[in-house]
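**Student:** Kindly return the folded structure for what I paste below:
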Amino acid sequence: RDVFGDEPPGSGETGAATGVEADSGTGSGEAKAKAGGVMFLDALPETASTRSNPVVSDLVNPHASPYYRTRGGVAPAEYHQPVPVAFLAVSSAVSFRIHLVSGPHATDLEPELAAGWLRTALDDLGVGGKTSAGYGYLDVEVLPDPESPPAAGQAGAR
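**Tutor:** Numbering: from 1, shown residues only. Model (predicted):
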């Protein structure tokens, strides 16, 4: 809860299971909201080349349209005609930059902890629709903070 903060009052349950404590000072029973130590800014796309198109057209070709249209009322069969459906997808040539910013009360460990969680989530769970078809999984590269001094073993710019 220190990294992400707590839910605002009235948006969820309180208690040990949620990690949100009830406000015992006023006796109102409302939960106290608390800002997290790390802010996640928007993921901004960066294209690898100005000649590459960041958006591509892809195709899904369901073969059992009557089965899905009737919610199982018609059995799927080989003689049903496929109905191609075009959709847009982000090209694999596009990379995204996600900035994590330490909040005013963050410890030195919280941004690194949040970056690790973000890396795991993007690698294991992916983002967006169609992750079961392989879309939305990202390879994460953590870039050093240009404003912090280089850590031991890293070369700094002169």
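**Student:** Show the average pLDDT along stretch 102-121.
**Tutor:** The average pLDDT within stretch 102-121 is 83.
**Student:** Return the set of buried residues in it.
**Tutor:** Judged by neighbour count using 16 or more other C-beta atoms under 10 Å, the buried positions of stretch 102-121 are 106, 110-111, 114-115, 118. (Each C-beta comes from the backbone N, C-alpha and C, glycine too.)
**Student:** do the same with stretch 134-148
**Tutor:** The neighbour-count criterion (16+ other C-beta under 10 Å) identifies 135-136, 138 as the buried residues of stretch 134-148.
**Student:** I'd like these written out as CSV, with distance to residue 124 and pLDDT added.
**Tutor:** CSV is the format used below for these (distance: C-beta to C-beta, whole Å; pLDDT from 0 to 100):
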residue, distance to residue 124, pLDDT
135, 15, 85
136, 11, 85
138, 11, 83
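**Student:** ok so, going back, and which of the buried residues of stretch 102-121 is nearest residue 74?
**Tutor:** Distance to residue 74, by C-beta to C-beta, is smallest for residue 118 among the buried residues of stretch 102-121, at 43.8 Å.
**Student:** Next, give me the two most distant ones among the buried residues of stretch 102-121.
**Tutor:** When C-beta to C-beta is used, the two most widely separated members of the buried residues of stretch 102-121 are 106 and 118, lying 14.9 Å apart.
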